[in-house]
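**Student:** this one's structure only:
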């Protein structure tokens with residue numbers, strides 16, 4: 001059992017290490033261009049949504065994109081309204097990683113590692129070096145998933161573990177487990193990835209995997225809220241919007257849990273359980289955005305009323 005746990009921890013550490021460094025490498029490669037693109041293409045709520053989706057799909061971390069957005073809001077590069085669209089888009093973009101995980105390409109991770117290492121070794125320019133790092137970190141990410149997948153295989157024969165995992169069939173318990181795990185490891189992608197792997201290995205049922213996925217969406221709010229500490233009111237409102245949007249989406253997901261599971265099964269049309277869990281992640285986030293994007297003016301008014309900008313306070317007192 002100790003060997004299994006150590007292998008799972010090792011795989012998880014590799015995954016998280018790759019996610020963090022992948023985000024940092026791509027941010028470094030884009031540099032000032034990223035700011036220009038974000039400013040240029042966030043003039044409308046739907047274009048902001050698109051930017052958030054694409055940026056998260058590239059960086060592989062919704063938390064990273066939302067934290068960058070909060071930094072930009074703090075620096076007055078973005079307004080609160082522009083940030084709302086990016087936050088919503090980030091929730092869609094993060095589902096790309098779950099689709100990749102469900103593809104079962106972990107066994108090919110050594111190819112990514114080798115190509116990335118060679119490019120990094122022979123690189124004579126920063127551009128080639130960044131490409132090499134990106135491919136290498138993708139390899140580390142896939143190898144971490146592959147390590148976790150192999151590590152959990154023997155757990156099928158552990159009665160206590162299978163009995164414990166059956167409890168996640170209860171949507172509320174499953175969601176709490178997903179939220180707690182994400183709160184600890186600070187990566188919803190890793191939590192959803194583990195749910196996909198455990199489902200594939202028969203340790204999680206479809207309902208359990210979807211419930212854990214729902215909880216993972218809640219656990220990811222903490223680090224983005226921390227990023228607003230000592231920030232401007234616009235930045236704080238961005239973090240609060242994320243904190244409001246995710247729990248409300250999860251609440252709706254739990255209220256309509258079984259109809260949602262039926263919808264996922266219908267859309268997935270007999271796909272493997274790991275692919276179905278990944279599909280559930282994508283459908284849930286897209287539906288959440290579709291439902292809440294029309295309520296943005298309402299939430300914007302509420303948050304502006306509760307936390308008016310200090311400049312507005314000053315002008316009000318003068319008038």
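**Tutor:** Sure, I can see it. It should be emphasised that the depicted structure is a prediction, and the values quoted were computed from it without experimental measurement. Residues are numbered from 1 along each chain as shown.
**Student:** what sits against residue 121?
**Tutor:** residue 132 (Cβ atoms under 8 Å, 6 or more residues apart in numbering). In short, each C-beta sits where N, CA and C put it, glycine included.
**Student:** tell me the average confidence for the helix or strand harbouring it?
**Tutor:** Assigning secondary structure by DSSP states H and E places residue 121 in helix 109-122. Looking at helix 109-122 alone, the average pLDDT works out to 88.
**Student:** Show me what counts as buried in it.
**Tutor:** Residues of helix 109-122 classed as buried: 109, 112-113, 115-116, 119-120 (neighbour count, 16 or more other Cβ atoms under 10 Å).
**Student:** Just put these in JSON lines and tack on distance to residue 295.
**Tutor:** Formatted as JSON lines, the entries for the buried residues of helix 109-122 read as follows, by distance: Cβ to Cβ, whole Å:
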{"residue": "109", "distance to residue 295": "42"}
{"residue": "112", "distance to residue 295": "41"}
{"residue": "113", "distance to residue 295": "45"}
{"residue": "115", "distance to residue 295": "45"}
{"residue": "116", "distance to residue 295": "43"}
{"residue": "119", "distance to residue 295": "46"}
{"residue": "120", "distance to residue 295": "46"}
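**Student:** about what we covered before: now for the next helix or strand along the chain from the helix holding residue 121, which elements pack on it?
**Tutor:** Once helix 109-122 ends, the next helix or strand along the chain (criterion: DSSP H and E) is helix 126-152. Counting contacts by 3 or more Cβ pairs under 8 Å, 6 or more residues apart in numbering; DSSP states H and E, helix 126-152 is packed against helix 2-30, helix 109-122, helix 188-200.
**Student:** Dump those into TSV; add distance to residue 286 as well.
**Tutor:** Listed next are those as TSV, based on distance: least, Cβ to Cβ, whole Å:
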stretch	distance to residue 286
helix 2-30	22
helix 109-122	28
helix 188-200	15
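**Student:** deepest of these, which one?
**Tutor:** Mean neighbour counts were compared across the helices and strands packed on helix 126-152 using mean count of other Cβ atoms under 10 Å; the top stretch is helix 188-200, at a mean of 27.
**Student:** Taking helix 2-30 as reference, get the angle to that helix.
**Tutor:** Here helix 188-200 runs at 140 degrees with respect to helix 2-30, directions being taken by axes from the mean of the first three to the mean of the last three Cα atoms, to 10 degrees.
**Student:** other SSEs contacting helix 188-200?
**Tutor:** Counting contacts by 3+ Cβ pairs under 8 Å, 6+ apart, the secondary-structure elements packed against helix 188-200 are helix 2-30, helix 62-74, helix 95-102, helix 126-152, helix 171-185, helix 206-219, helix 273-292.
**Student:** Mind giving me the packing neighbours of the shortest one?
**Tutor:** This points to helix 95-102. Helix 95-102 is packed against helix 188-200, helix 273-292, with contacts defined by 3+ Cβ pairs under 8 Å, 6+ apart.
**Student:** and the ones you listed, which one is worst for confidence?
**Tutor:** Least confidently modelled of these is helix 188-200, at a mean of 85 by mean pLDDT.
**Student:** how about low-confidence regions in the stretch 101-250 of the chain?
**Tutor:** Applying pLDDT under 70 to the predicted model, the residue ranges of the stretch 101-250 of the chain that meet it are 152-153, 155-162, 186, 219-227, 229-230.
**Student:** Out of the helices and strands packed on helix 126-152, which is closest to residue 282?
**Tutor:** Across the helices and strands packed on helix 126-152, residue 282 has its closest neighbour in helix 188-200 (10.4 Å, Cβ to Cβ).
**Student:** Distance from that closest one to the middle of the chain?
**Tutor:** Centroid displacement of helix 188-200 relative to its chain, using Cα atoms, centre = their mean, to the nearest Å, is 12 Å.
**Student:** now do stretch 190-201
**Tutor:** Remark: stretch 190-201 is offset 14 Å from the chain centroid, using Cα atoms, centre = their mean.
**Student:** returning to that earlier point: and the helices and strands packed on helix 95-102 as a markdown table, adding distance to residue 41?
**Tutor:** Below are the helices and strands packed on helix 95-102 laid out as a markdown table (distance: least, Cβ to Cβ, whole Å):
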| stretch | distance to residue 41 |
| --- | --- |
| helix 188-200 | 24 |
| helix 273-292 | 17 |
